[in-house]
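**Student:** build me a model from this:
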Amino acid sequence: MMQEKNARRAVTAIVLAAGKGSRMETQVHKQYLDLDGRPLIWYALSAFEQSSVDQMILVTGTGEEEFCRREIVERYGFKKVAAVVPGGRERYHSVYEGLKAAEGSDVVLIHDGARPCVTGEIIRDAIDGAAACGACVVGMPVKDTIKIVDDQGDADHTPDRSHMWMVQTPQAFSYELIRKAYDRLFEEASHQRGITDDAMVVETMTRHKVRLIKGSYQNIKVTTPEDLEIAGIFLRKMGKTVDI
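**Tutor:** Predicted structure coming up:
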């Protein structure tokens, strides 16, 4: 249930934890891997728990709902998790299930549970950005030169780096806008190919502009074993790891 203090702008965070994490080279799904005494997903949930969002929807793998309720939500006392719902085959399927569970929201933030270094400041800025312009995505300017390659792996051209950002999460939207975009995506299945983030759904299915705001180079997504080590370094620097 939304809190009365935010009745004029009800904010929901959809936290995605339905991935298999095949690139982690482990049989344990990456969202449950231990990171300094807590499962990886704990860090993102903790950040949103301490933020101004009113509620969280945790999207997990099909069949993992009860495990997440018992071993994650209840064990660690996350009070803002209003629902644990099963995801789908692709990321956009999982997001759509989360959106359905977020009915009644004014603003919705969609976050990869494998990004443990998200901060309260980033969350606040994303909420404000979505409230101001309807669609707001966290990211950072790229540091490296980017090459576009052809099918043979040869360099085709080099885009202007000054106009390129790497996109992160949370991605924040007015609920009406993102729900309409996703409804259309599932009505017109031909547009689903190649969808990799929520901003792309808005860009493809509506004419609404998406604002980019700066997040942090530390707000990495844990995808490989090396990423887990790097995230641990960042979290310790931020003072967010747990002594056991």
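**Student:** and the lengthiest strand in the chain, what does it pack against?
**Tutor:** Longest strand of the chain, by residue count under DSSP state E: strand 165-174. In this structure, strand 165-174 makes packing contacts with strand 107-112, helix 120-133, strand 135-141, helix 198-205, judged by 3 or more CB pairs under 8 Å, 6 or more residues apart in numbering; DSSP states H and E. Quick note: C-beta positions are derived from backbone N, CA and C, even for glycine.
**Student:** out of these, which one sits most buried?
**Tutor:** strand 107-112 (a mean of 27; mean count of other CB atoms under 10 Å).
**Student:** partners of that strand, with directions?
**Tutor:** Strand 107-112 pairs in its sheet with strand 11-17 (parallel), strand 165-174 (antiparallel), by DSSP bridges.
**Student:** sheet partners, orientation included, of the worst-scoring helix or strand of the chain on mean pLDDT?
**Tutor:** Every helix and strand of the chain was ranked by mean pLDDT, DSSP states H and E. The lowest is strand 34-35, at a mean of 92. Here strand 34-35 is paired, per DSSP bridges, with strand 38-39 (antiparallel).
**Student:** distance between whichever helix or strand comes after the partner strand and the chain's centre?
**Tutor:** Following strand 38-39 in sequence order, the next helix or strand is helix 40-49 (DSSP states H and E). Here helix 40-49 is found 11 Å from its chain centre; the criterion is CA atoms, centre = their mean, to the nearest Å.
**Student:** what's the angle between helix 40-49 and strand 11-17?
**Tutor:** For helix 40-49 against strand 11-17, the angle by axes from the mean of the first three to the mean of the last three CA atoms, to 10 degrees is 180 degrees.
**Student:** and helix 40-49, what other elements does it pack with?
**Tutor:** In terms of contacts (3+ CB pairs under 8 Å, 6+ apart), helix 40-49 is packed against strand 11-17, strand 34-35, strand 55-60, helix 75-76, strand 107-112, helix 120-133, helix 225-238.
**Student:** identify the residues contacting the second one?
**Tutor:** Okay, so that is strand 34-35. Under the criterion CB atoms under 8 Å, 6 or more residues apart in numbering, residues 40, 42, 43, 116, 228, 231, 232, 235, 241 lie in contact with strand 34-35.
**Student:** so which of those residues is the most crowded?
**Tutor:** residue 116 (33 neighbours; other CB atoms under 10 Å).
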